[in-house]
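[1] below are the sequence and a predicted model for it; my questions follow.
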Amino acid sequence: MQYTKIHSCPNDCILYRKEYENSVVCPKCGLSRWKVMKNHKVKEGVPANVLWYFPPIPRFRRMFGTKEIAKDLTWHDNKRQIDSYMRHPADSPAWKVVDHKWPDFGSEPRNLRLALSADGVNPFSNYSTQYSCWPVILGTYNLPPWLVMKRKFMMLTLLISGPKQPGNDIDVYLALLIDDLKELWEVGVDVYDASKKEVFNLKAILLWTINDFPAYGNLSGCTVKGYKACPICGDNTVSQRLECSKKISYCGHRKYLPRGHKFRKQKKTFDGNEEHGLPPNPLSGEEVFEKVSGIHNEWGKSKKRKATRNNSDSTLSWKKKSIFFNLEYWKHLYVRHCLDVMHIEKNVCESLIGTILGIPGKSKDGLSAREDLEVMGIRDELQPQKEGEKTYLPAGCYNMSRAEKKKFYTTLFELKVPEGYSSNFRNRVSMDELKLNGLKSHDCHTLIQQLLPIAIRGMLPKKVRYAITKLCLFFNALCNKVLDVNTLDGIQEELVTTLCLLEMYFLPSFFDVMVHLTVHLIHEVKLCGPVWFRWVYPFERYMKVLKSYVRKGNNVEGCIAECYIAEEALEYCAEYLKDVSAVGVPRNMNNLSSDDHGIGAGNVKLVDLKLLNQAHQYVLENTNEVEEYKEEHMEILKATNPIKSKQQVWLQDEHNRTFADWLRKRIALEIDEGSNISSNMRWISHGPQHQVIKYQGYMINGVRFHTKRHDDEHCYQNSGVSVVANTMLVSSAKDKNPIIVDMWYYGVIEEIWLLDYNALKIPVFKCDWVKNDGGVKVDDLGFMLVDLQRKGHKNDPFIFASQANQVFYIEDPENPKWSCVISNSHEKFGNSSNDDSSDKAMNLHFPAKSIPLVETIVNTLHDDESSYVRLDGEPMYID
């Protein structure tokens, strides 16, 4: 594979190709094509700026030239599960509209569906922003979910040289890629399919682009600042300028409520006005094309250029006509540019935490924000107040007291999470200064989706805490890897009401465009499928890979290009080597071998006979082959003890006490009689050896577990487990008709045993279980709480390692006696074992098992309710 170097104007006016191929001076700005030295001498032959182009068509040919990859590229057609859930972009209307509108294209499952991402990267691995080069990357959606976003299948197509970002002039550089995409759509290319051993005509379609919000504006041509900053609402964006804060506020989410909703008529609790408007309808691709078709683009940064418009009134929110409209199909797509959930989530999290904690530079509260209330004539209680010669700001209902802040930071500082779950928050928290330092995107992801609702328990007024928790619940539901289409409308309704609740309590300055964009995210999910196929996380990780290629600071793009080509060659060779992992499809960092295994060197120990019998009894009770013998033994007990066996509790206890010895004799008798007994059954009935191997950790099903003792010595928590089991429930000691139900049990791993049945080795966890009666509860917001000191089930401490679900516990800030339970959910895609740890960490399960609907709190609110000020709060004095 090769790349092409194309000279470009330093002001991003033109590429020196086609009619400009032999030019030495830019015809638009007059700059030399060649590099100008500091002494103003032109160094002929050395280009001033270079575009590095990696043609995608030869790389597509190579993908189909590998048999296994060629098979994977048709996974969406022959192996995808089809039901009411969305697991893949192929389940989405955006995919299906292509099949419907262009049936010839859709009838060939090998035709490619692509996504494009472009973003700036600082190649010098520091925080200087003086240099920025722009990689443009293609992703392929034909692949299975566990491969779509892997490094191996991220195709670098363009590398735009720095030091300046191209901005709106990026279309100049995209022209090469657009030409190839047009060829792949209109004509196609002949490609050899190694899996079917035939040549076919390959076509491709670009479904959408994936970028952060500024790059969204650069690629789409819409404005992302000012009064019309929302690209979905466009010219109908509801916004107002806050005169004192010098900011634009995007409130007005009551428009999205149903007609007749009580919030629409409330004045005092919002902006002083009733709301009778309707939400704006998103523009279709044809409508956008019609608006921008009259715009004439002028490229370059030599001077301030403005795109000329035939009808400026209809193009207020558009800066240019995007080059993507050169693609015939572009205007017919449902979604052309995707909102990036990663950056929206990060910005909302930082604004939320910064405001409730009063972090300087992050808080949306302050003197200017309060003075805006005075200008707007609302919320007199929160406006700046005079106390003698001093001015102070009353504590808002969203402001934490200093004691609450200390409790919040202590919760994060003492937090222990499973290994690989997130960064160590102890390193992010400064207890002396009571502040958070250096939060990354994934830190904000885990905070807003799981940790924040727990960290604020018992703090802030309940209604404010409830609204924040509902917002966190929205992001958690939004980011699920498997989505139930039937629940999306309900999630959207809950979000709109939550945003209205936030408008009631937070200041108008809190509602920047990032908070507003959340109202459009479900709409994109309905059209495009799960967000984890459309967020920037995998592309950001790939940017780090590209940065690692840089060896010389004076030629960063050349380093990236050469290393990328070298990796492509190695990757291609690896396809033909046995037992060699391909570059870019990493194994799970925890899967050091293909089998489940103990971690570290195990110790052979002689264990207490009573505990060994309990472990053996558990193995017998949970082995399928033993089931028929259990039933036989029960019938024998009933026949020999007809009166006592009427009591189900006695019958179960007697069975547990005598079954192991009875089974050993029963199997021995069958063997003597020549019956066909499986090898596993022979060894299990005989019982385990008295010596077991004890480990400090065990890896099973791709999850790492450790003992409590090991966790106490480390900064992570891998000892928490939960299991669901059949349980006999009795109302009293005289209850003769108990019922069997499934119940969840929570505990911590004390010891990890490997039971030795000679030819059979069975790993089990010995746990301290929380007593369900009085030790487990669910609060009014749906949080599962356990009392780890209230231990029970001591006669049944063992479970199979394969049965364990990993959880971790966070001490409840509201009541330290209790701990909140957090677990990860693992959706299955058919081959999720290949999903690497970085993607698993994105899939978080909300800590609350169930949370009341927003309507339950909405019905308690009244228009004349004054709840803006915390009477127990601490005012902020202005110097």
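    Happy to help now that I have it. Numbers count the residues shown, from 1 in each chain.
[2] buried stuff in the lengthiest helix in the chain?
    Determined from DSSP state H, the single longest helix within the chain is helix 648-672. For helix 648-672, burial by neighbour count (16 or more other C-beta atoms under 10 Å) applies to Gln648, Leu651, Glu654, His655, Asn656, Phe659, Ala660, Trp662, Leu663, Arg666, Ile667, Glu670. (Each C-beta comes from the backbone N, C-alpha and C, glycine too.)
[3] and for the closest residue to the third one other than its chain neighbours, the neighbour number?
    Setting aside the residues directly before and after it, Glu654 is nearest to Leu637 in space (C-beta to C-beta, 6 or more residues apart in numbering), at 5.8 Å. When neighbours are defined as other C-beta atoms under 10 Å, Leu637 has 20 of them.
[4] secondary structure element for Leu637?
    Assigned by DSSP states H and E, Leu637 falls within helix 627-640.
[5] report the buried residues of the helix or strand encompassing Arg709.
    Using DSSP H and E, the element containing Arg709 is helix 708-712. With burial defined by 16+ other C-beta under 10 Å, the residues of helix 708-712 counted as buried are Lys708, His710, Asp711.
[6] quick one: the residue nearest to Glu654 and Ser685, what's the gap?
    Note on Leu637: its distance to Ser685, by C-beta to C-beta, to the nearest Å, is 18 Å.
[7] still on that earlier bit, closest to Cys767 among the buried residues of helix 708-712?
    Lys708 (9.2 Å; C-beta to C-beta).
[8] how many degrees apart are the helix or strand that the helix holding Arg709 is followed by and helix 648-672 in direction?
    Going down the chain from helix 708-712, the next helix or strand is strand 720-729, by DSSP H and E. Between strand 720-729 and helix 648-672, the angle comes out at 100 degrees (axes from the mean of the first three to the mean of the last three C-alpha atoms, to 10 degrees).
[9] now do strand 720-729, average pLDDT.
    The average pLDDT within strand 720-729 is 79.
[10] on that earlier part again, the helix holding Arg709 - contacts with which helices or strands?
    Counting contacts by 3 or more C-beta pairs under 8 Å, 6 or more residues apart in numbering; DSSP states H and E, helix 708-712 packs against strand 739-756.
[11] export the strand it packs on as CSV, just CAs?
    Taking C-alpha atoms only, strand 739-756 is exported to CSV below (Å, rounded to 0.1, in the frame of the first residue of the first chain):
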residue,chain,number,x,y,z
ILE,A,739,-42.4,-21.1,47.9
ILE,A,740,-39.3,-21.2,45.6
VAL,A,741,-38.3,-17.9,44.1
ASP,A,742,-35.2,-16.4,42.5
MET,A,743,-33.3,-14.0,44.8
TRP,A,744,-30.2,-11.8,44.4
TYR,A,745,-27.5,-12.3,47.0
TYR,A,746,-24.6,-9.9,47.6
GLY,A,747,-21.3,-10.6,49.2
VAL,A,748,-17.5,-10.4,49.0
ILE,A,749,-15.0,-13.1,48.1
GLU,A,750,-13.0,-14.4,51.1
GLU,A,751,-11.2,-17.3,49.5
ILE,A,752,-10.8,-18.8,46.0
TRP,A,753,-10.6,-22.6,45.9
LEU,A,754,-9.8,-25.0,43.1
LEU,A,755,-11.5,-28.2,44.1
ASP,A,756,-9.6,-31.3,42.9
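[12] report the buried residues of that strand.
    Buried residues in strand 739-756, counted by 16+ other C-beta under 10 Å: Trp744, Tyr745, Tyr746, Gly747, Val748, Ile749, Glu751, Ile752, Trp753, Leu754, Leu755, Asp756.
[13] let me have these in JSON lines, extended by distance to Phe511 and pLDDT.
    As requested, the buried residues of strand 739-756 are arranged in JSON lines below (distance: C-beta to C-beta, whole Å; pLDDT from 0 to 100):
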{"residue": "Trp744", "distance to Phe511": "39", "pLDDT": "89"}
{"residue": "Tyr745", "distance to Phe511": "44", "pLDDT": "93"}
{"residue": "Tyr746", "distance to Phe511": "39", "pLDDT": "95"}
{"residue": "Gly747", "distance to Phe511": "44", "pLDDT": "95"}
{"residue": "Val748", "distance to Phe511": "43", "pLDDT": "96"}
{"residue": "Ile749", "distance to Phe511": "46", "pLDDT": "96"}
{"residue": "Glu751", "distance to Phe511": "53", "pLDDT": "96"}
{"residue": "Ile752", "distance to Phe511": "51", "pLDDT": "96"}
{"residue": "Trp753", "distance to Phe511": "56", "pLDDT": "96"}
{"residue": "Leu754", "distance to Phe511": "57", "pLDDT": "95"}
{"residue": "Leu755", "distance to Phe511": "59", "pLDDT": "94"}
{"residue": "Asp756", "distance to Phe511": "63", "pLDDT": "93"}
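[14] got those residues as a markdown table, with distance to Val721 columns?
    Formatted as a markdown table, these follow (distance: C-beta to C-beta, whole Å):
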| residue | distance to Val721 |
| --- | --- |
| Trp744 | 11 |
| Tyr745 | 9 |
| Tyr746 | 8 |
| Gly747 | 6 |
| Val748 | 7 |
| Ile749 | 6 |
| Glu751 | 12 |
| Ile752 | 11 |
| Trp753 | 14 |
| Leu754 | 17 |
| Leu755 | 18 |
| Asp756 | 23 |
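[15] give the buried residues for stretch 354-362.
    In stretch 354-362, counting by 16+ other C-beta under 10 Å, buried: Gly354, Thr355, Ile356, Leu357, Gly358, Lys362.
[16] among those residues, which are in strands?
    Taking DSSP state E, every one of these sits outside strands.
[17] would you check which pair of those residues lies furthest apart?
    Across the buried residues of stretch 354-362, no pair lies farther apart than Ile356 and Lys362, at 10.4 Å, counting by C-beta to C-beta.
[18] low-confidence stretches in the protein?
    The chain contains residues with pLDDT under 70 at 125-129, 302-315, 586-595, 727-741, 824-866.
[19] once you drop chain neighbours, what's closest to Val36?
    Nearest to Val36 is Val42, by C-beta to C-beta, 6+ apart, at 5.6 Å.
[20] got it, and Asp99?
    The spatially closest residue to Asp99, leaving aside those adjacent along the chain, is Gly106, at 3.1 Å (C-beta to C-beta, 6+ apart).
[21] do Trp52 as well
    Sequence neighbours aside, Leu159 is the residue nearest to Trp52 in space, at 3.9 Å (criterion: C-beta to C-beta, 6+ apart).
[22] then Lys28?
    Counting by C-beta to C-beta, 6+ apart, Lys28 lies nearest to Cys13, which is 4.1 Å off, once chain neighbours are set aside.
[23] His88 too?
    Once flanking residues are discounted, His88 sits nearest to Pro145: 5.5 Å by C-beta to C-beta, 6+ apart.
[24] how about Cys338, nearest residue that isn't a chain neighbour?
    Spatial nearest neighbour of Cys338, excluding adjacent residues (C-beta to C-beta, 6+ apart): Arg534 at 4.5 Å.
[25] what is the burial count for the one you found?
    There are 26 residues near Arg534, going by other C-beta under 10 Å.
[26] repeat for Asn476
    Counted by other C-beta under 10 Å, the residues lying close to Asn476 total 19.
[27] contact partners for the residue nearest to Cys338?
    Ala115, Trp208, Ile210, Cys338, Asp340, Val341, Glu524, Cys528 (C-beta atoms under 8 Å, 6 or more residues apart in numbering).
[28] let me have those residues in a markdown table, adding distance to Tyr564 as columns.
    Formatted as a markdown table, those follow (distance: C-beta to C-beta, whole Å):
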| residue | distance to Tyr564 |
| --- | --- |
| Ala115 | 19 |
| Trp208 | 24 |
| Ile210 | 20 |
| Cys338 | 25 |
| Asp340 | 24 |
| Val341 | 28 |
| Glu524 | 31 |
| Cys528 | 29 |
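[29] nearest to Cys230 among the residues you listed?
    Closest to Cys230, out of all of the contacts of Arg534 and judged by C-beta to C-beta, is Glu524, at 13.1 Å.
[30] between the two ends of stretch 73-83, how far is it?
    Stretch 73-83 has its terminal residues 21 Å apart, counting by C-alpha to C-alpha, to the nearest Å.
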